[in-house]
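**Student:** How does the following fold in three dimensions:
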Amino acid sequence: MMRNCFGALLVLVVAAATMGNAHAQEFPNRPIRLVVPYPPGGTTDIMARALQERIGELLGQPLIVENRPGTAAMLGTLEVARAKPDGHTLLFANNGVSIAPFLQKATDFNPTKALSAVSLVSRAPLLLLVSSKVPASDVASLFAYAKSRPDGLLFASAGPGSLGHLSTELLARRAGLKLIHVPYKGQGPTTQAIMTGEVDMLLTTASSAMNGFISDGKIKLLGVSSITASILAPGAEPIAKTLPGYVVDVWFGILAPAGTPRDVIAKLNAALVTTLADARLKEQFINFGVEAVASTPEQLDGMIAAEIPEWQKVITDGGISLQ
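**Tutor:** Numbers count the residues shown, from 1 in each chain. Alright, predicted model coming up:
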């Protein structure tokens, strides 16, 4: 009897191992869709397209980038979450996946339950920028100036609920500043607004164009939202130096539907790690305003789980909604 039980158990173990190997050997067996839940031309989109060729070569199947914008990125995100969890449909996400569910009152979407991380692709800080008209040369002097203005300072964002909007609300709350939100439609209009002095300050991601405006003195760069100084903004001090604990990391990464086999996740992760180590791609990403960086699936899962309650609190306390 014992011998029969042991034999049955051995068969199950061998079968499980065989199934795991089968997943890895069979994947991918057709083109892989990488869903970008934003319109073409944005940072997420151009990074996805920069990865296409090399990832396709490493996996032996084409990587097809598909833009599915809409509903604060939830349209494409939900499409991937509902896809068959076999590794052939992926999501190119960013912090928005941790934010959007709390801006949509009608959704019960939970990214930690609906999606599984594959790897980080890049990270970046937000730049703290002010109009050349603002008499501040560093973060401390900006805070002092803001507190001296009873009517408050105007800040721009790429729209209600955007990372720049929420990050500035968080900054205002922690620093005790009165800041008035002026939403625009995208990064381009916010850049124009800060250059003309239509608004006083802006938290946004870096870009080669933005660096040019800073170098020309059209905009003043005072700080970065990362815990340490960033190569993307040479000379800018961390905001946390003046406001301890204030850190916002902009991240971009690739996620798969929950339930995707671990061996498939591992194969995708290995391809991304190899691709992101390429020196030319790293330089290309710097020009996009981000640093190419890979991670383990567990590291990215942990980042998402850690930031969700913080953004939920900012949204709830501020009564922020897109509906």
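**Student:** can you tell me the average pLDDT over stretch 48-55?
**Tutor:** In this model, stretch 48-55 carries a mean pLDDT of 96.
**Student:** Mind listing what's buried along it?
**Tutor:** Within stretch 48-55, the residues that qualify as buried by neighbour count (16 or more other C-beta atoms under 10 Å) are 48, 50-51, 54-55. The C-beta positions use only the backbone N, C-alpha and C, and glycine is treated the same way.
**Student:** For these, could you give me JSON lines that also reports distance to Gly212?
**Tutor:** Putting the buried residues of stretch 48-55 into JSON lines (distance: C-beta to C-beta, whole Å) gives the following:
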{"residue": "Ala48", "distance to Gly212": "25"}
{"residue": "Ala50", "distance to Gly212": "21"}
{"residue": "Leu51", "distance to Gly212": "26"}
{"residue": "Arg54", "distance to Gly212": "29"}
{"residue": "Ile55", "distance to Gly212": "31"}
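**Student:** which one of those is nearest Pro135?
**Tutor:** Ala50 (40.1 Å; C-beta to C-beta).
**Student:** ok, that closest one touching Leu281?
**Tutor:** Yes: taking C-beta atoms under 8 Å as the definition, Ala50 is a contact partner of Leu281 at 6.5 Å.
**Student:** circling back: between which two of the buried residues of stretch 48-55 is the distance greatest?
**Tutor:** Checked with C-beta to C-beta, the buried residues of stretch 48-55 reach their widest spread between Ala48 and Arg54, with 12.1 Å between them.
**Student:** With only the CA atoms kept, save the longest strand anywhere in the chain in PDB.
**Tutor:** Assignment by DSSP state E gives strand 115-131 as the longest strand of the chain. Extracted C-alpha coordinates of strand 115-131, given in PDB (Å, rounded to 0.1, in the frame of the first residue of the first chain):
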ATOM      1  CA  LEU A 115      -1.900  41.400 -12.600                       C
ATOM      2  CA  SER A 116       1.500  39.800 -12.100                       C
ATOM      3  CA  ALA A 117       4.800  41.700 -12.500                       C
ATOM      4  CA  VAL A 118       7.400  40.700 -15.000                       C
ATOM      5  CA  SER A 119      10.000  43.400 -14.600                       C
ATOM      6  CA  LEU A 120      10.700  47.000 -14.200                       C
ATOM      7  CA  VAL A 121      11.800  48.700 -17.500                       C
ATOM      8  CA  SER A 122      12.800  52.100 -16.200                       C
ATOM      9  CA  ARG A 123      12.700  54.600 -13.400                       C
ATOM     10  CA  ALA A 124      12.900  58.400 -13.100                       C
ATOM     11  CA  PRO A 125      12.300  61.200 -10.600                       C
ATOM     12  CA  LEU A 126       9.900  64.100 -11.000                       C
ATOM     13  CA  LEU A 127      11.500  67.400 -11.500                       C
ATOM     14  CA  LEU A 128      10.400  70.300  -9.300                       C
ATOM     15  CA  LEU A 129      10.300  73.300 -11.700                       C
ATOM     16  CA  VAL A 130       9.400  76.900 -11.200                       C
ATOM     17  CA  SER A 131       8.800  79.900 -13.500                       C
END
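**Student:** can I assume Leu51 is in contact with Ser122?
**Tutor:** No: using C-beta under 8 Å, Leu51 makes no contact with Ser122, being 10.2 Å away.
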